Each structure stands twice: as structure tokens, then as C-alpha cells.
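Asker: can you look at this prediction? I've put the sequence above it.
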Amino acid sequence: MVSVEDRKKRMVESAQKIQSPFVLDETLCLYSPQDNVDSLDHPRIREWIAFVENDYTPSLPKGKTSVLLFMPCTKTKPYPFSSEHKAINQRLLDEGFRPTGRDYLPQELQARLEPEFSQEVLNLSPLANDAGVVIHRMVISEPLGVVPYEHIAAFNGKVSPAVSYDDPGLFEKRGNAVSPWRDDCTGRRQSATRWKWGDEEQRSYVVMHNAMAETVAKVVGRIGHSYDDIVAWVAPGLTHRSFVLGREERSVNKVPAMRQVGAKKMALIGANDHLSGRTIHSMPTREECKDALDRLARKLDLPLAKANGIYARGGVSATPLALPELLDALMVRINGAGAHARSQRHG
């Protein structure tokens, strides 16, 4: 019999993911799809989603080529202190982008930053380069939908929920994305540490997936005109990519379009299904991933099988999204957006 005490044990692990001076909100520990669906009625989540869907407006330098860059949420909070975001942001800095403001994470975090990183990786302001390109960063998150970088730590005069939650509950392949203490848990134990989702987990996954995709679409639909390009830097085949992709994009990305729930199938609807005209471009492609792995193997003089282990960790105990060889593709896209906008202005 699994009890509420087991949830309390998991919260100890969750608390370790939150970097001080921020602290975990124990009511925002979401360990299953059902927890995720319930969170849509949580006061902090309701307030946040209403803010980003209806009120949030980006403040961007005028007369620049603007790129909206979606990045994935991370287990480490705040996101910029994660290995993944530090690597991505450092690469942007190395490419000549600099913060347009002085909105930093707390000094306590800056003091703990490893010496190989610039302090500016913890700056939350939009980034700009001398070529007139501005990168505005947002995070795709469950249960928050989207998190503008400048509101990672605070919004509306209060602490942002983006620094207070833990949500491994939609990641089925981890094997522990269940809440056995819930009355509506239909997960089946496969071993001492692994569970298989049942119908209620599958149903709730679709409900939450589609709610998050709708929030992403509402935000992009309302403010997308502010950008010359919109890019989601999210891992192929995973949940964040699925939040974005439209129906026609799923097959080539090898992302399911349906979930089997009992005797019926439920459709997974992505943000691009809701958007007309300005849609979100998902990166990296599978071809870009393969090219990055090939180049990494040649650089390290390793067979592909051994290089793949390094690739999978992004070289920094993160994910492949942090890998320099893969980030090359992102830089090509960003620089291309700037070149295209300049040609349009002078054409």
C-alpha cells in the first residue's frame, strides 16, 4: 500500500532541485498527469496562465530583428542556473549577444556560478548583438505553459511560480510519473521502481498536453507579431516538442498524434494546430541531430556508439540541446533570421 508518506519522501528530492534563495512550494509538486490536470485550478497557476495569456507584453528594443526563442524547462529552478540553460546562454554570449538590461537572478546565485561561465548567463533581459538582432527568451513549461525569461523570478510584484515547482509528472518513460497515493491512480507497478500508466494517466496526459499547447498558442497568437522569427529549441520526440507541433508535422518528427485511452484514441493537439500564419519552428531537426553526433564523433575520434553517450549528456551533464555541435544549427537559424530581415528592409 502506497501512502501519503511516499509523496512526502518524493518532496525531499523535489526540494533539492530548487536553488536558494528560492524555496519549493509543496503544493506545486506534480508527480503524475492527474496532478498536472489538478494544477490548472491551483490559484498560483490560474493567476500565472491568465497573466501570460491575456496581459503579458514583451518590452523589446525598437528597430531590431527580433527572434522569440523558446527553451525547455529544466528540473533545476530557476532555469538559467541549470546546466542546459547555462550552456545555451553562454553560447549566445560567445556569439556576440549581450543583455539589453540589468535584470539578473539574485546575487547569491551569481556567487555560486562556475568560473567558466560569464555572470551574464544569469541575466534575464533580452539579448542583442551589433548586427541588430534581438533574442527574447521564453521557456516552455508544464504546468505554466510559457515563462518569459524576465519573469522567471518575479511577476506582478511577487515571487514567480517558475522558481517554486517540480513537475516530472508528464514524463511517462521515467517510469515513476505516477501518484499511487491518489484514489484515481490506475498505474500498474512493473518493478520496485517502475510503473506503467493506466487509462486515467493516459487520459489526463492528453488533457494537460492540449491545455499547455493552447496556452502556448494563445501567447504566440497575441504577441507573435512582435517577432521576425519564432523558434522552439526543444528535444525531438519529447513532450515539449509535442506541445508545439501541428498535426502535419508529427509524422516527420516521429511524435505521436494520438494516445490510446481504453477503447478509444484521444488526439494530441499542438500549438501550431491553433495558429494561422505565424507558427513556431521546432529545432533541432533529426537531420541536425545526426549531423551533430557525426561531427562530435569525428572531433573526439570515437566510434558513434561511444560518442553517443557524450552526445546524450550534451557534454555538460545536461541534454543534447546544450551540445556545441548542435547549437551550431541554432546559431545558423538566428543569424539567418537577421540576414533575411536585413535583405527585406533593403530589398
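Answerer: The structure has been received and is ready for your questions. Numbers count the residues shown, from 1 in each chain.
Asker: quick check, residue 260 in a strand?
Answerer: Yes. According to DSSP: H, G, I helix; E, B strand; the rest coil, residue 260 belongs to a strand.
Asker: quick one: the helices in the stretch 151-300 of the chain?
Answerer: 199-223, 239-244, 271-274, 286-300 (DSSP state H, counting those that start in this stretch).
Asker: point out the most buried one among those helices.
Answerer: helix 239-244 (a mean of 25; mean count of other C-beta atoms under 10 Å). Quick note: C-beta positions are derived from backbone N, CA and C, even for glycine.
Asker: what's the average pLDDT for it?
Answerer: Mean pLDDT, taken over the full extent of helix 239-244, equals 96.
Asker: before we move on, what about stretch 63-72?
Answerer: For stretch 63-72, the per-residue pLDDT averages 95.
Asker: give me the residues contacting it.
Answerer: Residues outside stretch 63-72 that contact it (C-beta atoms under 8 Å, 6 or more residues apart in numbering) are 60, 79, 84-85, 88, 128, 132-140, 146, 220, 224, 226-235, 240, 244, 280, 319, 321, 334, 337-338, 341-342.
Asker: that stretch: which residues count as buried?
Answerer: Buried residues in stretch 63-72, counted by 16 or more other C-beta atoms under 10 Å: 64, 65, 66, 67, 68, 69, 70, 71, 72.
Asker: is it possible to export the residues you listed to TSV including secondary structure?
Answerer: Converted to TSV, those look like this (three-state DSSP):
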residue	secondary structure
64	coil
65	strand
66	strand
67	strand
68	strand
69	strand
70	strand
71	strand
72	strand
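Asker: and which of the residues you listed is nearest to residue 300?
Answerer: residue 72 (25.2 Å; C-beta to C-beta).
Asker: hey, what's the closest one bridged with?
Answerer: residue 140 (DSSP bridges).
Asker: roughly how far does it sit from residue 33?
Answerer: 18 Å (C-beta to C-beta, to the nearest Å).
Asker: on that earlier part again, what would the helices of the stretch 151-300 of the chain look like in CSV with distance to residue 166?
Answerer: Below are the helices of the stretch 151-300 of the chain laid out as CSV (distance: least, C-beta to C-beta, whole Å):
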stretch, distance to residue 166
helix 199-223, 15
helix 239-244, 15
helix 271-274, 24
helix 286-300, 28
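Asker: for residue 325, which of the ones you listed is the nearest?
Answerer: helix 286-300 (4.0 Å).
Asker: elements contacting the closest one?
Answerer: helix 304-312, helix 324-346 (3 or more C-beta pairs under 8 Å, 6 or more residues apart in numbering; DSSP states H and E).
Asker: for those helices, which one sits closest to residue 101?
Answerer: Closest among the helices and strands packed on helix 286-300, using C-beta to C-beta: helix 324-346, at 19.5 Å.
Asker: spatially central residue for the chain, please.
Answerer: residue 72 (1.7 Å; C-alpha atoms, centre = their mean).
Asker: measure it to residue 6 for me?
Answerer: 28 Å.
Asker: over to residue 48?
Answerer: Residue 48 is 28 Å from residue 6, by C-beta to C-beta.
Asker: same question, residue 71
Answerer: 32 Å.
Asker: and for residue 223?
Answerer: Distance from residue 223 to residue 6, by C-beta to C-beta: 42 Å.
Asker: over to residue 332?
Answerer: 47 Å.
Asker: try residue 113
Answerer: 35 Å.
Asker: what does residue 322 give?
Answerer: 33 Å.
Asker: please say which of these two ends up with more neighbours.
Answerer: Neighbours per residue, other C-beta atoms under 10 Å: of residue 322 and residue 6, the larger number sits with residue 322, 22 against 14.
Asker: pLDDT score for that one?
Answerer: So residue 322 comes in at 94 (pLDDT).
Asker: need phi/psi at it.
Answerer: phi -90, psi 0 (degrees, to the nearest 10).
Asker: for it, give me its contacts.
Answerer: Here residue 322 is in contact with 83, 84, 87, 88, 314, 315, 316 (C-beta under 8 Å, 6+ apart).
Asker: what about those residues, which are in helices?
Answerer: 83, 84, 87, 88 (DSSP state H).
Asker: circling back: pipe the buried residues of stretch 63-72 into a markdown table and attach distance to residue 286 per row.
Answerer: As requested, these are exported to a markdown table (distance: C-beta to C-beta, whole Å):
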| residue | distance to residue 286 |
| --- | --- |
| 64 | 32 |
| 65 | 28 |
| 66 | 28 |
| 67 | 22 |
| 68 | 23 |
| 69 | 20 |
| 70 | 18 |
| 71 | 19 |
| 72 | 17 |
